[in-house]
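1. I'll drop the sequence and a predicted model, then ask my questions.
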Amino acid sequence: MTPEQIVEQLQTLVESDKVKTDPESLAFYGTDWTKVYEPKPLAIVFPKSIEQVQAIVRFANENQLALVPSGGRTGLSAGAVAANGEIVVAFDYMNKVENFNPIDRTVVCGPGVITEQLQQYAEEQGLFYPVDFASSGSSQIAGNIATNAGGIKVIRYGMTRNWVAGLKVVTGTGELMDLNKGLVKNNTGYDFRHLFIGSEGTLGFIVEATMQLTRPPKDLTVLVLGVPEFSAIMDVLKAFQEKIDLTAFEFFSEKALTKVVEHSDVQRPFESRTDYYALIEFECINEQVADQAMEVFEYCMEQGWVEDGVMSQSLAQLESLWRCREDISETIAKWTPYKNDIAVSVSHVPAFLTEVEAVVNQHYPDFEIIWFGHIGDGNVHLNILKPDNLAKEAFFEKCSEVSNWVFEIVQKYQGSVSAEHGVGMTKRDYLTYTRSEEEINLMKGIKKVFDPNGIMNPGKVIN
Ligand SMILES: O=C(O)CC[C@@H](O)C(=O)O
Ligand SMILES: [Zn+2]
């Protein structure tokens, strides 16, 4: 079949103006935030119903055409990149939030529902959707589920997986499966829902999700503490966790904060500077909790773990303190950074970070390393800024060496080469550092069951 014939056929499966082949659409929908690969999709198709998705998949299956799902394309592992003439299936028009059930506290979402849209909907019902991250304004719910997105509240609420009560999926052969149907208890053998969560579109498309909501947090309060020695952050974490239920425990380095402050209207949390900062959030529901937080803060100061700190006194202050952390990724994007998202167990983070710094500094002393992340989960984001005098290609070549060193250290600590950003294409060839050969073979076997012709997001996660 020629590309023209494929496009003609697609136009019969969805509304004819819902197939796009203009260069702007191909470039826009063919890539994500990784920006490493050149987008080269054949066409972008926008289904409006589950039946249309099934028709597209059946057509692709019969003609051995590769499909790539497209959500908000905010991913950082190239899971939604179409660089090989694939057909991109974009879910922008399947974006309804409906069937709210106040007793079950569930709501049914189309795949293209924006995370923030779900958060706002929950708020209107007096409830809360707790998975949150800086890209909530553009990421879509099916993308979040397909990548099991994490974010800034995982320490309390877990990953996206915890909030999926039911899933409708279209498999690689076009079959529709209705998984778990919103049940809380359902011990009837293998839970396929969980196979699709985090499968990054390699088994099928998520076409509807029943999401669980919860009660909103009360009186959130944020503390930002200046921590001169990185390893003391772990002592601070332990001291707070012993006394208070936290909703977030994040960290960032002075280098990260400097960039944010210099390139935005964000204010420093306080005047004094330390090499690292911890951002701690909790529900300050009564005076007792506030007193306890102050006690732990003072204890950390006495121990010499913390040098300075501030506690939010208003919602506006809470939001501006959060921006010190949340604005980092977007702010440093202009330096075309090398990015890595890794996890080791919480207790191993200091040793891990020291080893990574040492190896990068030894080989490339002029590389500026920016650390930040969800340290309460053992999840750190390593970013290295491209020096001005180095071309992008040369920089990324050097950085592929860095990846090898970093992943060897990850393996030594039995960590994960992808904590929350998924595998996509950028981590695929490093999967063996975290998963055994047997596991990867089983993954391939599972893919064959759901996608026998290998049309669903080929080349992502596994080969
Ligand atoms: O840009 C990054 O490296 C991380 C992005 C995101 O996961 C965050 O936590 O801000
Ligand atoms: Zn993150």
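-> Ah, there it is. Ligands and ions are numbered 1, 2, ... in the order given.
2. Show me what from this structure comes close to ligand 1.
-> 134, 329, 339, 341, 381, 383 (C-beta under 6 Å from any ligand atom). Where C-beta positions appear, they are placed from N, C-alpha and C, glycine not excepted.
3. Which single residue of the stretch 51-200 of the chain ends up nearest ligand 1?
-> Nearest residue of the stretch 51-200 of the chain to ligand 1: residue 134, at 5.1 Å (C-beta to the nearest ligand atom).
4. and what of the stretch 351-463 of the chain?
-> Counting by C-beta to the nearest ligand atom, the stretch 351-463 of the chain gets nearest ligand 1 through residue 381, at 3.7 Å.
5. Which residues does that residue form beta bridges with?
-> Beta bridges link residue 381 to residue 341, residue 372, judged by DSSP bridges.
6. quick one: contacts for it?
-> The contact partners of residue 381, by C-beta atoms under 8 Å, 6 or more residues apart in numbering, come to 329, 339, 340, 341, 371, 372, 373.
7. Under the pLDDT cut-off, which ranges of the stretch 101-250 of the chain? List them.
-> Regions of the stretch 101-250 of the chain meeting the criterion pLDDT under 70 are absent.
8. Okay, strands next: where are they in it?
-> 106-109, 164-171, 176-179, 204-212, 220-227, 246-253 (DSSP state E, counting those that start in this stretch).
9. out of these, deepest packed?
-> strand 204-212 (a mean of 26; mean count of other C-beta atoms under 10 Å).
10. ok so, going back, how close does the closest residue to the residue of the stretch 51-200 of the chain closest to ligand 1 other than its chain neighbours sit to residue 269?
-> Spatially, and ignoring its direct neighbours in sequence, residue 134 is nearest to residue 326 (4.7 Å; C-beta to C-beta, 6 or more residues apart in numbering). According to C-beta to C-beta, to the nearest Å, residue 326 stands 13 Å off from residue 269.
11. I'd say residue 130 and residue 157 touch.
-> Yes - using C-beta atoms under 8 Å, residue 130 makes contact with residue 157 at a distance of 3.9 Å.
12. okay, and the common contacts of these two?
-> In contact with both residue 130 and residue 157: 163, 214, using C-beta under 8 Å, 6+ apart.
13. Looking at the two, which one has more neighbours?
-> residue 130 (24 against 21; other C-beta atoms under 10 Å).
14. what residues are up against that one?
-> By C-beta under 8 Å, 6+ apart, the contact list for residue 130 reads 153, 156, 157, 163, 214.
15. Ok, residue 111 next?
-> Contact partners of residue 111, counting by C-beta under 8 Å, 6+ apart, are 71, 91, 94, 95, 140, 141, 142, 205, 206, 207, 208, 209.
16. Just send these back as JSON lines, with distance to residue 460 too.
-> Shown next, in JSON lines, are these (distance: C-beta to C-beta, whole Å):
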{"residue": "71", "distance to residue 460": "14"}
{"residue": "91", "distance to residue 460": "17"}
{"residue": "94", "distance to residue 460": "21"}
{"residue": "95", "distance to residue 460": "23"}
{"residue": "140", "distance to residue 460": "17"}
{"residue": "141", "distance to residue 460": "19"}
{"residue": "142", "distance to residue 460": "15"}
{"residue": "205", "distance to residue 460": "13"}
{"residue": "206", "distance to residue 460": "15"}
{"residue": "207", "distance to residue 460": "19"}
{"residue": "208", "distance to residue 460": "22"}
{"residue": "209", "distance to residue 460": "20"}
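17. tally of neighbours for the residue in the chain positioned nearest to ligand 1?
-> Per C-beta to the nearest ligand atom, residue 329 is where the chain lies closest to ligand 1, at 3.3 Å. Residues lying near residue 329 (other C-beta under 10 Å) number 21.
18. start the count at 57, not 1, going forward
-> Okay, using 57 as the starting number, the last item reads as residue 385.
19. do you know how far the residue nearest to residue 190 is from residue 304?
-> From residue 382 to residue 304 the distance is 11 Å (C-beta to C-beta).
20. Need the residues touching each of these two.
-> residue 208.
21. quick one on the thing from earlier: can you tell me which two in the contacts of residue 186 are farthest apart?
-> 212 and 219 (12.4 Å; C-beta to C-beta).
22. who has more neighbours, the two?
-> Between residue 212 and residue 219, counted using other C-beta under 10 Å, residue 219 has the larger neighbour count: 23 against 17.
23. Help me confirm that the residue nearest to residue 190 comes into contact with residue 208.
-> Yes - the pair residue 382 / residue 208 is scored as a contact, 7.2 Å apart, by C-beta under 8 Å.
24. Quick check: pLDDT value at the nearest residue to residue 138 once chain neighbours are set aside.
-> Among residues not flanking residue 138 along the chain, residue 97 sits closest, at 3.8 Å (C-beta to C-beta, 6+ apart). For residue 97, the pLDDT comes out at 98.
25. got a list of what residue 97 touches?
-> 82, 85, 86, 124, 138, 141, 142, 143, 144.
26. Just the buried residues of these.
-> Using 16 or more other C-beta atoms under 10 Å as the burial test, the contacts of residue 97 include 82, 85, 86, 124, 138, 142, 143, 144 as buried.
27. Quick one: these as TSV, columns for secondary structure too.
-> Putting those into TSV (DSSP: H, G, I helix; E, B strand; the rest coil) gives the following:
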residue	secondary structure
82	helix
85	helix
86	coil
124	strand
138	coil
142	coil
143	strand
144	strand
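28. Can you pick out the most distant pair from these?
-> Maximum distance among those (C-beta to C-beta): 11.8 Å, for 82 and 124.
29. now the contacts of residue 97 in TSV, with distance to residue 239 and pLDDT?
-> Shown next, in TSV, are those (distance: C-beta to C-beta, whole Å; pLDDT from 0 to 100):
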residue	distance to residue 239	pLDDT
82	41	98
85	35	98
86	38	98
124	31	98
138	35	98
141	41	98
142	35	98
143	34	98
144	33	98
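30. Next, give me the two most distant ones among these.
-> So, those by C-beta to C-beta: farthest apart are 85 and 141, at 13.7 Å.
31. any idea which element residue 100 lies in?
-> Using DSSP states H and E, residue 100 sits in strand 99-101.
32. Toward the C-terminus from that strand, list the very next helix or strand.
-> helix 106-118.
33. residue ranges of the helices in the stretch 257-406 of the chain, please?
-> 288-299, 310-318, 343-358, 371-382, 384-388, 405-419 (DSSP state H, counting those that start in this stretch).
34. Give me the contacts around the fourth one.
-> What it means is helix 371-382. Contacts of helix 371-382 (C-beta under 8 Å, 6+ apart): 190, 208, 276-278, 280, 306, 308, 313, 316-317, 320, 322-325, 333, 335, 337, 366, 368, 428.
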